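[1] Sequence and predicted structure are below.
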Amino acid sequence: MAPVTVVAGHYGVGKTNFSLNLALDAAAAGFQVTLADMDVVNPYFRSSEYRGLLDAAGVRLIAPVFGGAGTALDVPSLTGELSVAVEEAYRSDGRSIVIVDAGGDDVGATALARFAPAIAAGPYALLYVVNAFRNLTQEPADAVAVLREIEVKSRLAATAVVGNSHLQGDTVWQHIAESVPFAQAVAAMAGLPLACVTAPEATIQRENAGSCARENGVEVYPVKVYVRPPWAD
(Lines give C-alpha, C1' and ligand atoms only; values in the text may rest on other atoms or scores of the structure.)
Protein backbone atom coordinates (compact mmCIF):
# COMPACT_ATOMS: atom_id res chain seq x y z
CA MET A 1 0.00 0.00 0.00
CA ALA A 2 1.01 3.60 -0.50
CA PRO A 3 1.79 5.64 2.63
CA VAL A 4 -1.37 7.64 1.88
CA THR A 5 -4.30 5.94 0.11
CA VAL A 6 -7.41 7.88 -0.84
CA VAL A 7 -10.57 5.85 -1.51
CA ALA A 8 -13.04 7.70 -3.75
CA GLY A 9 -16.03 6.91 -5.93
CA HIS A 10 -19.71 7.38 -6.66
CA TYR A 11 -22.23 7.45 -3.82
CA GLY A 12 -23.13 3.96 -2.62
CA VAL A 13 -20.37 1.97 -4.34
CA GLY A 14 -19.03 0.70 -1.01
CA LYS A 15 -16.10 3.04 -0.33
CA THR A 16 -16.51 2.92 3.44
CA ASN A 17 -16.63 -0.87 3.69
CA PHE A 18 -13.59 -1.11 1.42
CA SER A 19 -11.74 1.51 3.49
CA LEU A 20 -12.51 -0.34 6.71
CA ASN A 21 -11.15 -3.58 5.27
CA LEU A 22 -7.97 -1.86 4.07
CA ALA A 23 -7.42 -0.26 7.46
CA LEU A 24 -8.07 -3.40 9.50
CA ASP A 25 -5.98 -5.62 7.22
CA ALA A 26 -3.08 -3.16 7.30
CA ALA A 27 -3.24 -2.99 11.11
CA ALA A 28 -3.27 -6.79 11.30
CA ALA A 29 -0.15 -6.79 9.11
CA GLY A 30 1.67 -4.63 11.65
CA PHE A 31 1.34 -1.13 10.19
CA GLN A 32 0.44 1.94 12.21
CA VAL A 33 -2.82 2.89 10.56
CA THR A 34 -4.85 6.08 10.52
CA LEU A 35 -8.27 6.10 8.88
CA ALA A 36 -9.62 9.54 8.00
CA ASP A 37 -13.37 9.86 7.57
CA MET A 38 -13.74 12.64 4.99
CA ASP A 39 -17.41 12.17 4.16
CA VAL A 40 -18.92 15.47 5.29
CA VAL A 41 -21.84 15.10 2.86
CA ASN A 42 -23.61 11.83 3.68
CA PRO A 43 -24.49 11.33 7.38
CA TYR A 44 -25.00 7.59 6.85
CA PHE A 45 -22.58 4.71 6.20
CA ARG A 46 -19.58 6.59 7.60
CA SER A 47 -16.29 5.21 8.87
CA SER A 48 -16.88 7.15 12.08
CA GLU A 49 -19.76 4.82 12.93
CA TYR A 50 -17.21 2.00 13.43
CA ARG A 51 -14.95 3.69 15.96
CA GLY A 52 -15.21 0.77 18.39
CA LEU A 53 -14.14 -1.73 15.75
CA LEU A 54 -11.22 0.47 14.71
CA ASP A 55 -10.13 1.18 18.28
CA ALA A 56 -10.07 -2.54 19.06
CA ALA A 57 -7.76 -3.12 16.10
CA GLY A 58 -5.45 -0.24 17.02
CA VAL A 59 -6.52 1.94 14.10
CA ARG A 60 -6.55 5.66 14.78
CA LEU A 61 -9.69 7.41 13.49
CA ILE A 62 -9.74 11.01 12.30
CA ALA A 63 -13.20 12.41 11.71
CA PRO A 64 -15.03 15.74 11.62
CA VAL A 65 -16.95 16.51 14.76
CA PHE A 66 -20.66 15.97 14.22
CA GLY A 67 -23.58 16.81 16.47
CA GLY A 68 -24.18 13.09 16.94
CA ALA A 69 -24.55 9.83 15.06
CA GLY A 70 -26.79 10.26 12.05
CA THR A 71 -26.60 14.07 11.92
CA ALA A 72 -25.00 16.31 9.32
CA LEU A 73 -23.74 19.10 11.54
CA ASP A 74 -20.07 19.42 10.66
CA VAL A 75 -17.58 21.33 12.76
CA PRO A 76 -14.52 21.66 10.47
CA SER A 77 -11.87 20.46 12.90
CA LEU A 78 -10.20 17.98 10.55
CA THR A 79 -7.69 20.01 8.56
CA GLY A 80 -4.71 20.14 10.86
CA GLU A 81 -5.03 16.61 12.16
CA LEU A 82 -5.15 14.99 8.72
CA SER A 83 -2.31 17.11 7.36
CA VAL A 84 -0.09 16.11 10.28
CA ALA A 85 -0.97 12.42 9.83
CA VAL A 86 -0.10 12.61 6.12
CA GLU A 87 3.24 14.26 6.84
CA GLU A 88 4.03 11.64 9.49
CA ALA A 89 3.21 8.82 7.08
CA TYR A 90 5.59 10.19 4.48
CA ARG A 91 8.35 10.41 7.09
CA SER A 92 7.78 6.95 8.55
CA ASP A 93 9.73 4.85 6.03
CA GLY A 94 6.70 2.67 5.33
CA ARG A 95 5.69 1.98 8.93
CA SER A 96 2.66 4.28 8.97
CA ILE A 97 -0.30 4.34 6.60
CA VAL A 98 -3.10 6.86 6.18
CA ILE A 99 -6.32 5.77 4.48
CA VAL A 100 -8.76 8.50 3.48
CA ASP A 101 -12.41 7.53 3.10
CA ALA A 102 -13.60 10.33 0.80
CA GLY A 103 -17.15 11.51 0.32
CA GLY A 104 -19.09 10.46 -2.75
CA ASP A 105 -18.80 12.07 -6.19
CA ASP A 106 -17.31 15.49 -6.91
CA VAL A 107 -19.21 17.08 -4.00
CA GLY A 108 -17.52 14.82 -1.47
CA ALA A 109 -14.19 15.11 -3.25
CA THR A 110 -14.23 18.89 -2.89
CA ALA A 111 -13.32 18.49 0.78
CA LEU A 112 -10.10 16.79 -0.32
CA ALA A 113 -8.87 19.81 -2.25
CA ARG A 114 -7.63 21.59 0.87
CA PHE A 115 -5.40 18.57 1.62
CA ALA A 116 -4.23 18.03 -1.97
CA PRO A 117 -0.84 19.78 -1.54
CA ALA A 118 0.04 17.69 1.53
CA ILE A 119 -1.14 14.42 -0.08
CA ALA A 120 0.54 15.13 -3.42
CA ALA A 121 3.85 15.80 -1.65
CA GLY A 122 4.49 12.05 -1.42
CA PRO A 123 3.77 8.75 -3.19
CA TYR A 124 0.01 8.59 -2.65
CA ALA A 125 -2.59 6.32 -4.21
CA LEU A 126 -6.12 7.33 -5.19
CA LEU A 127 -8.24 4.21 -5.65
CA TYR A 128 -11.42 4.78 -7.64
CA VAL A 129 -14.07 2.30 -6.48
CA VAL A 130 -16.74 1.15 -8.95
CA ASN A 131 -19.82 -1.02 -8.56
CA ALA A 132 -21.29 -2.51 -11.73
CA PHE A 133 -24.68 -2.77 -10.03
CA ARG A 134 -24.91 0.90 -9.00
CA ASN A 135 -27.80 2.32 -11.03
CA LEU A 136 -26.31 5.66 -12.06
CA THR A 137 -22.97 4.28 -13.22
CA GLN A 138 -23.82 1.03 -14.97
CA GLU A 139 -22.05 2.14 -18.15
CA PRO A 140 -18.23 2.41 -18.03
CA ALA A 141 -18.36 5.85 -19.63
CA ASP A 142 -20.64 7.11 -16.83
CA ALA A 143 -18.23 5.80 -14.19
CA VAL A 144 -15.28 7.47 -15.92
CA ALA A 145 -17.19 10.76 -16.10
CA VAL A 146 -17.68 10.65 -12.31
CA LEU A 147 -13.98 9.89 -11.88
CA ARG A 148 -12.95 12.92 -13.94
CA GLU A 149 -15.20 15.15 -11.82
CA ILE A 150 -13.63 13.75 -8.66
CA GLU A 151 -10.13 14.40 -9.97
CA VAL A 152 -10.97 18.00 -10.84
CA LYS A 153 -12.64 18.75 -7.52
CA SER A 154 -10.07 16.95 -5.33
CA ARG A 155 -7.07 18.23 -7.32
CA LEU A 156 -5.66 14.72 -7.14
CA ALA A 157 -5.16 12.15 -9.89
CA ALA A 158 -6.49 8.62 -9.64
CA THR A 159 -3.87 5.87 -9.68
CA ALA A 160 -5.98 2.69 -9.99
CA VAL A 161 -9.51 1.30 -10.21
CA VAL A 162 -11.06 -1.16 -7.72
CA GLY A 163 -14.09 -3.25 -8.64
CA ASN A 164 -16.41 -3.53 -5.63
CA SER A 165 -19.56 -4.93 -7.24
CA HIS A 166 -22.09 -6.59 -4.97
CA LEU A 167 -25.79 -7.02 -4.26
CA GLN A 168 -25.59 -6.88 -0.47
CA GLY A 169 -26.43 -10.26 1.09
CA ASP A 170 -27.67 -11.63 -2.25
CA THR A 171 -24.18 -11.57 -3.78
CA VAL A 172 -23.07 -14.84 -5.36
CA TRP A 173 -19.81 -15.64 -7.10
CA GLN A 174 -21.45 -15.30 -10.51
CA HIS A 175 -22.08 -11.62 -9.72
CA ILE A 176 -18.38 -11.14 -9.00
CA ALA A 177 -17.38 -12.89 -12.23
CA GLU A 178 -19.89 -10.90 -14.28
CA SER A 179 -18.64 -7.60 -12.84
CA VAL A 180 -15.00 -8.05 -13.84
CA PRO A 181 -15.43 -6.92 -17.49
CA PHE A 182 -17.14 -3.74 -16.26
CA ALA A 183 -14.25 -2.90 -13.93
CA GLN A 184 -11.76 -3.71 -16.68
CA ALA A 185 -13.60 -1.45 -19.11
CA VAL A 186 -13.63 1.45 -16.65
CA ALA A 187 -9.92 1.03 -15.99
CA ALA A 188 -9.08 0.81 -19.68
CA MET A 189 -11.20 3.84 -20.57
CA ALA A 190 -9.64 5.84 -17.73
CA GLY A 191 -6.11 4.74 -18.64
CA LEU A 192 -5.55 3.19 -15.22
CA PRO A 193 -4.61 -0.26 -13.89
CA LEU A 194 -7.30 -2.41 -12.28
CA ALA A 195 -5.88 -3.06 -8.82
CA CYS A 196 -8.36 -5.77 -7.80
CA VAL A 197 -11.98 -6.77 -7.50
CA THR A 198 -13.49 -7.48 -4.11
CA ALA A 199 -15.59 -10.44 -3.03
CA PRO A 200 -17.43 -10.85 0.28
CA GLU A 201 -15.77 -13.50 2.43
CA ALA A 202 -19.18 -15.04 3.12
CA THR A 203 -19.75 -15.52 -0.62
CA ILE A 204 -16.34 -17.13 -1.06
CA GLN A 205 -16.92 -19.48 1.87
CA ARG A 206 -20.49 -20.33 0.91
CA GLU A 207 -19.53 -21.26 -2.63
CA ASN A 208 -16.24 -22.90 -1.70
CA ALA A 209 -14.30 -20.44 -3.82
CA GLY A 210 -11.70 -19.79 -1.14
CA SER A 211 -8.83 -20.94 -3.34
CA CYS A 212 -9.87 -18.52 -6.09
CA ALA A 213 -7.28 -15.76 -5.70
CA ARG A 214 -7.98 -14.42 -9.20
CA GLU A 215 -11.03 -14.07 -11.43
CA ASN A 216 -10.53 -13.64 -15.16
CA GLY A 217 -6.90 -12.72 -14.50
CA VAL A 218 -7.74 -10.08 -11.88
CA GLU A 219 -6.70 -10.28 -8.23
CA VAL A 220 -9.60 -10.95 -5.84
CA TYR A 221 -9.52 -9.15 -2.49
CA PRO A 222 -11.77 -10.90 0.08
CA VAL A 223 -13.63 -8.39 2.26
CA LYS A 224 -15.71 -8.64 5.38
CA VAL A 225 -19.06 -6.84 5.18
CA TYR A 226 -19.09 -4.36 8.05
CA VAL A 227 -21.36 -1.74 6.51
CA ARG A 228 -24.96 -2.83 6.17
CA PRO A 229 -28.13 -0.84 5.55
CA PRO A 230 -30.45 -0.66 8.57
CA TRP A 231 -33.08 -2.78 6.82
CA ALA A 232 -30.59 -5.66 6.53
CA ASP A 233 -30.57 -6.24 10.30
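    Arrived safely, thanks for sending.
[2] Going along the chain from the worst-scoring helix or strand of the chain on mean pLDDT, find the next helix or strand for me.
    In the chain, no helix or strand scores lower on mean pLDDT, DSSP states H and E than strand 74-75, which sits at a mean of 46. Going down the chain from strand 74-75, the next helix or strand is helix 79-91, by DSSP states H and E.
[3] Quick one: distance of that following helix to the chain centre.
    Helix 79-91 sits 19 Å away from the centroid of its parent chain (Cα atoms, centre = their mean, to the nearest Å).
[4] How about stretch 48-68?
    16 Å.
[5] Which parts of this structure are strands?
    Counting by DSSP state E, residue ranges of the strands within the chain are 4-9, 32-38, 60-62, 65-66, 74-75, 96-102, 125-130, 160-163, 194-200, 214-215, 218-223.
[6] lowest-confidence stretch among those?
    By mean pLDDT, the lowest-scoring of the strands of the chain turns out to be strand 74-75, with a mean of 46.
[7] isn't Ala195 right next to Leu127, touching?
    Yes. Between Ala195 and Leu127 there is a contact under Cβ atoms under 8 Å: 6.3 Å. For the C-beta atoms, the positions are set from N, CA and C on the backbone; glycine is no exception.
[8] if you count what's nearby, which of those two comes out ahead?
    Neighbour totals were compared for Ala195 and Leu127, and Leu127 leads with 27 against 19 (other Cβ atoms under 10 Å).
[9] Bridge partners for that one, pull those for me.
    Beta-bridge pairing for Leu127 (DSSP bridges): Val7, Ala160.
[10] That one: what's it in contact with?
    Counting by Cβ atoms under 8 Å, 6 or more residues apart in numbering, Leu127 makes contact with Thr5, Val6, Val7, Ala8, Phe18, Ala158, Thr159, Ala160, Val161, Val162, Ala195.
[11] And those residues, which of them are buried?
    For the contacts of Leu127, a neighbour count by 16 or more other Cβ atoms under 10 Å gives the buried set as Thr5, Val6, Val7, Ala8, Phe18, Ala158, Thr159, Ala160, Val161, Val162, Ala195.
[12] Tell me the one of those residues nearest Gly103?
    Among the buried ones among the contacts of Leu127, Ala8 lies closest to Gly103 (Cβ to Cβ), at 8.4 Å.
[13] Just give the nearest non-adjacent residue to the closest one, would you?
    Ala102 (4.3 Å; Cβ to Cβ, 6 or more residues apart in numbering).
[14] Then Val180?
    Excluding the flanking residues, the one nearest Val180 by Cβ to Cβ, 6+ apart is Asn216, at 4.5 Å.
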